[in-house]
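Q: Give me a model of this one.
(one chain, ligands or ions: 3)
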Amino acid sequence: MSNIKVYQQRRLRLADKMGAGLAVIPTAPERARNRDSHYPYRFDSYFHYLTGFSEPEAVLVLLAGNPARSILFCREKNLEREIWEGFRHGPESAKEIFGFDEAHPIAQLDEMLPKLLADQPSLFFHLGADSTWDARAVGWLNSVREQVRSGIAAPGAIQDVRALLDEMRLVKDAGEIATMRRAGEISAAAHIRAMQQARPGRHEFEVEAELLHEFRRHGAQAPAYTSIVAGGANACVLHYVFNDAPLKNGELLLIDAGCELDGYAADITRTFPVNGKFSAVQKDIYELVLAAQADAVFHVKPGNHWNQPHEAALKVLAQGFIDFGLCHGSIDEVLEKESYRQFYMHRTGHWLGMDVHDVGEYKRGGEWRTLQPGMALTVEPGCYIRPAENVPAHFWNTGIRIEDDVVVTEGGCEVLSRAAPKTVADIEALMEQGHA
Ligand code: GLY
Ligand code: MN
Ligand code: MN
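A: Ligands and ions are numbered 1, 2, ... in the order given. Coordinates of the predicted model:
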C-alpha cells in the first residue's frame with residue numbers, strides 16, 4: 001500500500017469511529033528556545049499519524065459522513081520565506097501529494113471553520129491540551145451560535161478526539177513495526193558503540209556524543225528523549241540527565257537512550273562496567289535483573305494482561321532481594337508489603353510508539369487490558385541501591401536497568417532491540433574488543 005493510502009485509510013477509520021461530526025487536529029507549534037532561535041521542530045504525533053505531513057502551522061479538518069472529507073490547512077508557498085527557511089508545499093501541492101480532498105491556506109482557518117461547523121452535531125477536538133487552541137475553538141463555536149436565528153445549528157457536543165485516536169495508535173500496523181524495528185536496530189548499534197567507547201577517565205558526555213553520532217549517521221532525526229548516561233551513583237537517579245561526570249574504574253554505567261526515526265521511538269537501557277569487567281557483586285545484581293527481564297519478556301504474549309510481565313519481574317526481583325539479604329521475610333510478605341520498593345520503585349514498562357511513553361489505556365473497565373498482536377511496549381526492570389543503614393555497604397550506589405522494546409506477535413513477541421548485547425559474557429566480550 002502506498003504511503004498516501006495508509007494515511008487516507010487512517011482518516012477514514014477515524015471518520016468511521018466518529019460516526020458524525022467534525023474533527024479539528026492541529027499539528028504542534030514551533031517553540032522558541034531564546035529570542036529568534038527555535039527548538040528543532042517536531043510535529044504533533046496525532047496530526048502526523050493521520051497525514052504524514054511534517055510542516056508546522058498545519059491543521060487537519062475531518063468531516064465524518066458518506067463520503068468523509070479531509071481538509072488540510074497549511075502554509076502558503078512564499079518564495080521569500082523559502083529562501084530563508086526552506087521548502088513549503090503550499091495547499092495545492094499538499095492536496096495532491098498527501099491525498100486530501102481539499103487544502104487551503106492556514107490563514108483561512110478561522111474564517112472557514114464556523115462555516116464547516118454549521119449543522120454538525122459534534123466537534124471532535126483535543127480540548128484542554130492547549131489554551132490557545134481552546135480559545136480558538138470557543139471562537140468558532142460562538143460564531144456558529146451567532147447564526148442560530150438564520151436556522152443554523154451549532155454543535156451540541158465537544159468530544160475528545162484523542163480517545164478515538166489512542167486506540168488506533170495502540171495497535172501498530174506492519175509499516176509502523178518496520179520503522180520501529182529499524183529504530184531499534186539503530187539504537188542497539190548506538191549502545192554497542194557506547195560500550196566500545198566507554199572507559200575510566202572519559203566523561204558521561206563523551207559517551208552521549210557516541211550515541212548521537214550513531215543515531216544521526218543512520219538517518220534517525222533525533223534522540224527520542226533526553227539520553228541518560230549515568231555512571232556509578234548517578235544510575236540511582238531515575239531521570240538523571242546532566243551527563244557531565246567522569247567515569248570511574250570499578251563503577252557501572254547505565255545508559256538509557258533511543259533514537260526517533262520517522263516519528264517512532266526506540267527506548268533501550270543497558271548497564272555495563274566502565275572498565276569492561278563486572279565485579280562479583282555487580283554481576284550478582286545484574287544477573288538478577290536480567291533474569292527478571294527474561295521472565296517479564298516471556299509473559300508478553302497475546303491473551304496475557306498488561307500487568308503480567310510486571311508481576312513476573314517483581315516475583316524474580318523480590319526473591320533475589322531476599323536471597324541477597326536486602327529484603328526480609330517471605331516472598332509473599334515482601335510482595336504484599338512492597339518492601340521491594342526501596343530498590344525497585346518503577347513499573348516494568350509502558351506503551352511505545354510515536355511517543356516514547358505512548359498513548360493507550362492500560363486498564364479497561366477497571367481490568368488490565370489484554371495484550372494483542374501489534375501492541376508495542378518496553379520491558380525494563382531495574383534495581384537501584386542507594387546508601388542506607390539497612391543495606392550492606394558493598395551494594396551501595398549500584399544502579400542497574402535492562403530495557404528492551406518488544407512488539408506482541410501471534411506467537412509471543414518480537415524483541416526489536418535484541419541486537420544490543422545484554423548477557424554478562426556478551427558485554428564483556430564486546431568491551432574487551434573495544435578496549436583492545
Ligand atoms: N526512557 C524513559 C523510560 O525508560 O521510560
Ligand atoms: Mn528508557
Ligand atoms: Mn522506557
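Q: In this structure residue 203 contacts residue 247, no?
A: Yes - Residue 203 lies in contact with residue 247 (Cβ atoms under 8 Å); the separation is 6.8 Å. All C-beta atoms are positioned from the backbone trio N, CA, C, and that covers glycine.
Q: More neighbours: those two, which one.
A: Set side by side, residue 203 and residue 247 show more neighbours around residue 247, with 21 against 15, by other Cβ atoms under 10 Å.
Q: Just to check, the more buried one is in contact with residue 197?
A: No - between residue 247 and residue 197 no contact is recorded; they are 10.4 Å apart, counting by Cβ under 8 Å.
Q: Can you check which residues contact both of these two?
A: Taking Cβ atoms under 8 Å, 6 or more residues apart in numbering as the contact definition, residue 247 and residue 197 share the neighbouring residues residue 207.
Q: about what we covered before: joint contacts of residue 203 and residue 247?
A: Jointly contacting residue 203 and residue 247 under the rule Cβ under 8 Å, 6+ apart is no residue at all.
Q: Any idea which residue of the stretch 51-200 of the chain lies closest to ligand 2?
A: Distances from the stretch 51-200 of the chain to ligand 2, computed as Cβ to the ion, single out residue 187 as the nearest residue at 10.2 Å.
Q: Any idea how far apart the tips of stretch 20-37 sit?
A: Stretch 20-37 has its terminal residues 42 Å apart, counting by Cα to Cα, to the nearest Å.
Q: how far is that stretch from where the chain is centred?
A: For stretch 20-37, the separation from the chain centroid amounts to 19 Å (computed by Cα atoms, centre = their mean, to the nearest Å).
Q: Pull out the buried positions in that stretch.
A: 21-28 (16 or more other Cβ atoms under 10 Å).
Q: Let's see which of those residues end up in strands.
A: Among the buried residues of stretch 20-37, the subset assigned to strands under DSSP state E consists of 22-26.
Q: Any chance of a markdown table for those residues, columns pLDDT?
A: What follows is those, written out as a markdown table (pLDDT from 0 to 100):
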| residue | pLDDT |
| --- | --- |
| 22 | 98 |
| 23 | 98 |
| 24 | 98 |
| 25 | 98 |
| 26 | 98 |
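Q: Packing partners of the helix-or-strand element of the chain with minimal mean pLDDT?
A: Of all helical and strand segments in the chain, the minimum by mean pLDDT, DSSP states H and E falls on helix 424-435, at a mean of 92. Using 3 or more Cβ pairs under 8 Å, 6 or more residues apart in numbering; DSSP states H and E as the contact criterion, the elements in contact with helix 424-435 are helix 174-197, strand 268-273, helix 280-298.
Q: In JSON lines, list these along with mean pLDDT.
A: Listed next are these as JSON lines, based on pLDDT from 0 to 100:
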{"stretch": "helix 174-197", "mean pLDDT": "98"}
{"stretch": "strand 268-273", "mean pLDDT": "99"}
{"stretch": "helix 280-298", "mean pLDDT": "98"}
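Q: Out of these, which one sits most buried?
A: Neighbour counts (mean count of other Cβ atoms under 10 Å) averaged over each of the helices and strands packed on helix 424-435 peak at strand 268-273, with a mean of 26.
Q: what residues does that strand touch?
A: Looking at strand 268-273 with Cβ under 8 Å, 6+ apart, the contacting residues turn out to be 184, 187-188, 191, 194-195, 198, 228, 235, 250-258, 279, 282, 286, 289, 380, 382, 399-405, 417, 420-422, 427, 431.
Q: Going through those, which ones are buried?
A: 184, 187-188, 191, 194-195, 198, 228, 235, 251-258, 279, 282, 286, 289, 380, 382, 399-405, 417, 420-422, 427, 431.
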